[in-house]
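Participant: Here is my input, please return the structure:
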Amino acid sequence: MLGADELERYARHIVLREVGGPGQAALKRARVLVVGAGGLGAPVLMYLAAAGVGTLGVVDDDAVSLSNLQRQIIHATPDVGRPKVDSAAARIAALNPHVGVETHPVRITAANALDLIGGYDIVADGSDNFATRYLVSDACYLAKKPLVSAALGMFDGSLTTIRAHETDAAGRPNPTYRCLFPDPPPPGTVPSCEEVGILGALAGVLGSMVALEVLREIVGFGEGLVGRLVMIDARAMRFETLRYGRDPANPLNGDHPTIIDLSIHR
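Facilitator: Reported below is the predicted structural model:
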């Protein structure tokens, strides 16, 4: 039930027919795990908190550095040196005291992924490396949790939703992250943002889109991004959508699955 302060705070949501009181109540009940409190995770956390998601989990083992502040807007200059999960929790509390924050100052690994993910309704992956993206997507499939996954480049980004543990309207299994990207690139072939840079505002655009997709998944309106990859080209300010389907040969929910636990990531 929403209190008087919450009714005023979320008034612009509640007057939306697609959200309304029931949608806002669903947001209040929701538990969302955000992997990473960096360039993508920062706007995801802030917009989910502003929207009234009841519980936000934050997984990050890093501390705030000065070079983060060009794009990681949940942190501020006085937070340099502070654990990112603590900085994020403080900012969320200042933004919306109705939101509970659960901090996990660890790196997500094969050993802890299922325990972390199991306590939440939906996962938003804002990690900055392929190894973590594959781990999180495999863990979400095994834990039967929906995943909103995004990735950033220097001037580009992409976003999709994975519900590989479910079937579509025709009863066919939904595609996995491995259907979209069967194999990670060889180590060392994709430079880090420390090496090549990243446009700060692009992180805000894509992170906001991740938050929007999480909100749509929770409230249940519009056409979701299952089987669709949204791509952003910031140089041309162009958005494109690619459709993709389940690969019967994928090792997770394919015709002959070989990934039955997270041992492949150890």
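
Participant: drop to CA atoms for contacts and neighbour counts, all remaining ones
Facilitator: Noted.

Participant: Distance-wise, check Ala37 relative to Ser67.
Facilitator: The gap separating Ala37 from Ser67 is 14 Å, by C-alpha to C-alpha, to the nearest Å.

Participant: Comparing these two, which shows the higher neighbour count?
Facilitator: Ala37 (30 against 10; other C-alpha atoms under 10 Å).

Participant: you'd agree the more buried one is up against Ala88?
Facilitator: Yes. Using C-alpha atoms under 8 Å, Ala37 is in contact with Ala88, at 7.1 Å.

Participant: Spit out the residues that contact those two alike.
Facilitator: Common contacts of Ala37 and Ala88 (C-alpha atoms under 8 Å, 6 or more residues apart in numbering): Leu45.

Participant: how about the helices in the stretch 51-200 of the chain?
Facilitator: Assigned by DSSP state H, counting those that start in this stretch, the helices in the stretch 51-200 of the chain fall at 84-95, 113-118, 130-143, 177-180, 193-196, 200-219.

Participant: So what touches the third one?
Facilitator: Residues from elsewhere that reach helix 130-143 (C-alpha under 8 Å, 6+ apart): 108-110, 113-114, 117-118, 123, 125, 127, 146-147, 149, 162-165, 176-178, 184-185, 252, 260-262, 265.

Participant: what comes up buried for that helix?
Facilitator: For helix 130-143, burial by neighbour count (16 or more other C-alpha atoms under 10 Å) applies to Thr132, Arg133, Tyr134, Leu135, Val136, Ser137, Asp138, Ala139, Cys140, Tyr141, Leu142, Ala143.

Participant: what would these look like in JSON lines with pLDDT and distance to Gln24?
Facilitator: As requested, the buried residues of helix 130-143 are arranged in JSON lines below (pLDDT from 0 to 100; distance: C-alpha to C-alpha, whole Å):
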{"residue": "Thr132", "pLDDT": "95", "distance to Gln24": "31"}
{"residue": "Arg133", "pLDDT": "96", "distance to Gln24": "29"}
{"residue": "Tyr134", "pLDDT": "96", "distance to Gln24": "32"}
{"residue": "Leu135", "pLDDT": "97", "distance to Gln24": "31"}
{"residue": "Val136", "pLDDT": "98", "distance to Gln24": "27"}
{"residue": "Ser137", "pLDDT": "97", "distance to Gln24": "27"}
{"residue": "Asp138", "pLDDT": "98", "distance to Gln24": "30"}
{"residue": "Ala139", "pLDDT": "98", "distance to Gln24": "28"}
{"residue": "Cys140", "pLDDT": "98", "distance to Gln24": "25"}
{"residue": "Tyr141", "pLDDT": "98", "distance to Gln24": "27"}
{"residue": "Leu142", "pLDDT": "98", "distance to Gln24": "29"}
{"residue": "Ala143", "pLDDT": "98", "distance to Gln24": "26"}
